[in-house]
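Chemist: Turn this into a structure:
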Amino acid sequence: MSVTTNDTLAEAAAPAPAPAPPRRRGLSAGDRYIPYVMILPAAAALVAVMGYPLFKLLDLALQNINRYAALVNPDLARYIGLEGFTKVFSDDQFWEVVLRSFVFTGELVALSMGLGMTFALILGRVSAWVKIVVVTVLMFVWAVPALVSGTIFRWIFAGRGGIADYVLYLFGADGMKNYEWVAHPAVGLYVVGAAVIVWGALPFLVIGLHAALTQVPKELVEASKLDGANVLQTFWHVVIPVIKPFLLVSASLSFIWDFQVFAQIYSLRNSAPEPEYWTIGTYLYQNGVVSSHYSNSAVISISMIVLMLAVLVFYIRQVIKIGAQD
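Modeler: This next block holds a predicted model:
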């Protein structure tokens with residue numbers, strides 16, 4: 001027979017000692033440095049691939065290599081410091097091209113995202129076999145090279161024998177017969193150029209947005225309808241918040257792609273775009289390849305990189321904000 005004393009009761013009531021925290025043993029599974037170590041090879045490869053070209057680009061921008069002879073004979077080249085940047089930034093045409101690029105890119109992103117969302121919503125309401133046909137066609141459009149797309153649209157909007165003129169003529173627009181679309185820079189760039197670029201961007205956006213829309217919980221949609229929300233309110237307050245991460249990614253990528261567009265405009269104007277058609281990509285080509293202004297083109301390239309970094313900083317901040325909210 002055991003005897004229970006006050007000391008025994010006190011020992012039984014006392015809490016058990018907390019287990020000692022595990023010792024860190026280098027790169028253990030719980031080590032917080034493991035993610036950085038795992039990403040180190042990719043970061044090293046990125047620096048190795050991009051570091052040297054960026055260094056050479058900056059080195060070229062600080063020199064005066066604006067003729068082919070200077071490129072062939074390096075003794076003719078000399079360092080001029082920031083004079084190349086001053087020369088480019090003091091050129092009114094450079095700022096005109098930058099402004100045109102931003103306006104054109106804004107139009108492209110708005111049209112691409114709007115049409116992509118519209119077609120993605122329609123794609124979610126059709127039958128399975130129609131969806132397969134549409135996705136197959138979109139993948140085919142995505143596979144067509146940009147130069148080929150530009151050439152095809154040049155034929156479509158040709159002043160004589162173009163399909164666009166003939167279709168408009170059939171619908172009663174007599175004044176559009178033999179209309180020279182690309183002869184007018186405002187129409188050629190902001191209508192025809194926008195059409196070919198948006199055409200090539202739609203496959204990625206439609207398929208991606210359709211996949212994002214399938215991730216919206218049906219319970220949330222049904223609950224919003226029971227609460228009296230109409231279709232537009234449900235879309236804005238329920239669907240958009242759920243797919244916001246993909247919207248942010250696709251809009252940022254669309255801006256980066258559209259801001260540096262070149263091949264479509266180049267082929268649309270038959271390899272000789274006029275100054276009124278110049279965006280930052282074609283302007284860079286004209287200076288670097290056509291005019292052999294290599295140092296000037298290096299300055300323009302660095303300017304493009306800085307502008308793209310500004311967009312990336314905004315994108316990363318938004319991603320971090322969304323992650324903090326989740």
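Chemist: Can you pull out the low-pLDDT segments for the protein?
Modeler: Residues of the chain that meet the criterion pLDDT under 70 lie in 1-31, 175, 322-326.
Chemist: pretty sure residue 213 contacts residue 120?
Modeler: Yes - using Cβ atoms under 8 Å as the test, residue 213 is close enough to residue 120 to be in contact (5.9 Å). In this view, the C-beta of every residue, glycine as well, is placed from N, C-alpha and C.
Chemist: Between those two, which has more neighbouring residues?
Modeler: When residue 213 is set against residue 120 and neighbours are counted by other Cβ atoms under 10 Å, the residue ahead is residue 120, at 21 against 17.
Chemist: what's near enough to touch the more buried one?
Modeler: Contact criterion Cβ atoms under 8 Å, 6 or more residues apart in numbering gives 205, 206, 209, 210, 212, 213 as the residues in contact with residue 120.
Chemist: please redo it, this time with the cut-off set to 7 Å
Modeler: Contacts of residue 120 were listed using Cβ atoms under 7 Å, 6 or more residues apart in numbering, and they are 206, 209, 210, 213.
Chemist: Of the residues you listed, which is the nearest to residue 160?
Modeler: The shortest approach to residue 160 among the contacts of residue 120 belongs to residue 206, at 33.3 Å (Cβ to Cβ).
Chemist: List the contacts of the closest one.
Modeler: Residues touching residue 206, when contacts are defined by Cβ under 7 Å, 6+ apart, comprise 116, 119, 120, 123, 138.
Chemist: Which of those residues fall within helices?
Modeler: For those, membership in helices holds for 116, 119, 120, 123, 138, with DSSP state H as the criterion.
Chemist: how close does residue 277 sit to residue 96?
Modeler: Separation of residue 277 from residue 96 (Cβ to Cβ, to the nearest Å) stands at 12 Å.
Chemist: Work out for me the element the residue nearest the centre of the chain sits within.
Modeler: In the chain, the C-alpha closest to the average C-alpha coordinate belongs to residue 253, at a distance of 1.6 Å (Cα atoms, centre = their mean). Under the criterion DSSP states H and E, the helix or strand holding residue 253 is helix 240-259.
Chemist: contacting residues around the next helix or strand along the chain from that helix?
Modeler: Sequence-wise, the next helix or strand beyond helix 240-259 is helix 263-268, with elements assigned using DSSP H and E. Residues lying outside helix 263-268 but in contact with it, judged by Cβ under 7 Å, 6+ apart, are 146-147, 149-151, 153-154, 182, 192-193, 196-197, 273, 277, 279, 282.
Chemist: Now flag whichever of those residues is closest to residue 312.
Modeler: The closest of the contacts of helix 263-268 to residue 312 turns out to be residue 279 (Cβ to Cβ; 19.5 Å).
Chemist: so what's that closest one up against?
Modeler: Contacts here follow Cβ under 7 Å, 6+ apart; on that basis residue 279 touches 97, 100, 101, 104, 261, 265.
Chemist: quick one: the helices in the stretch 51-200 of the chain?
Modeler: Remark: helices assigned in the stretch 51-200 of the chain by DSSP state H, counting those that start in this stretch are 68-72, 83-89, 92-123, 128-143, 146-156, 163-170, 185-187, 194-213.
Chemist: Tell me which of the ones you listed sits most buried.
Modeler: Each of the helices of the stretch 51-200 of the chain was given a mean neighbour count from mean count of other Cβ atoms under 10 Å, and the largest, a mean of 20, is that of helix 194-213.
Chemist: if we can go back for a sec, please render the contacts of residue 206 as CSV that adds distance to residue 40 to the earlier fields.
Modeler: Converted to CSV, those look like this (distance: Cβ to Cβ, whole Å):
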residue, distance to residue 40
116, 37
119, 41
120, 38
123, 41
138, 38
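Chemist: What's the local residue count around the closest residue to residue 183 other than its chain neighbours?
Modeler: Ranked by Cβ to Cβ, 6 or more residues apart in numbering and with sequence neighbours excluded, the top spatial neighbour of residue 183 is residue 159, at 7.0 Å. Here the neighbour count serves as a burial measure; for residue 159 (other Cβ under 10 Å) it reads 13.
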